[in-house]
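Trainee: dropping a prediction and its sequence here:
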Amino acid sequence: MSRKRQVFVAGALALAFLLQLAVMPQFKLLGVQPDLLLVVAVVVAIQDGPIQGAVAGFCGGMLQDLVSPLVMGMGALTKTVTAYLAGSLKGFFVTYSILLPVILVFLAGVADPVMHQVMLIILGQEKLPPFQVNVILASAIYDVLAVLVVYPLMGRFSFPGQGDSLALLRSGGE
């Protein structure tokens, strides 16, 4: 990943963090809001590969953990693993259309909170948030709506020499 791309991804994560804290609470639907940090991490994993996605997931998760009352590092761990898995799964798809990030973000939107809950159970947290499937699915669908905006924007701001992955995505997988 080029230096320009690294700076761009860092800026995208910072912007996603600020939007997550300041703007998204105003746009809650069914009591949930999209996880923009997860969406950005998965998009980076799709465009740049699983390692870069994991790094973006870790950084985004740490930002989230700074303002979370839960165990420090939990968001970083789950977002790192989720973004890495999403980046690894992209090789199993034959399409490089918008359907790819939609499917992977939906799967990540389900996997991240489930993994988070499992980790809290393993750590023996006494005050566990209730495990609600409808809330997880609503949040994952909201993440999909967010990726429909984030993915094209992040693809538009790519830089020459970034790697074969983005060139393949831009050409439609041909």
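Mentor: Okay, I see it.
Trainee: let's test this: name the helix or strand in the protein with the lowest mean pLDDT.
Mentor: Counting by mean pLDDT, DSSP states H and E, the weakest-scoring helix or strand in the chain turns out to be helix 164-170, with a mean of 45.
Trainee: which residues are in contact with the residue minimising distance to the centre of the chain?
Mentor: Nearest to the mean C-alpha position of the chain, by CA atoms, centre = their mean, lies Leu38 at 2.1 Å. The neighbours of Leu38, taking CB atoms under 8 Å, 6 or more residues apart in numbering as the test, are 57, 60, 79, 82-83, 105, 108-109, 112, 143. Just so you know, the C-beta spots here come from the backbone N, C-alpha and C atoms, and that holds for glycine as well.
Trainee: what helix or strand does it sit in?
Mentor: Assigned by DSSP states H and E, Leu38 belongs to helix 36-48.
Trainee: contacts for the following helix or strand past that helix?
Mentor: Next along the chain after helix 36-48, taking DSSP H and E as the criterion, comes helix 50-66. The contact list for helix 50-66 (CB under 8 Å, 6+ apart) reads 1, 9-10, 13-14, 16-17, 20, 37-38, 40-42, 44-46, 72-88.
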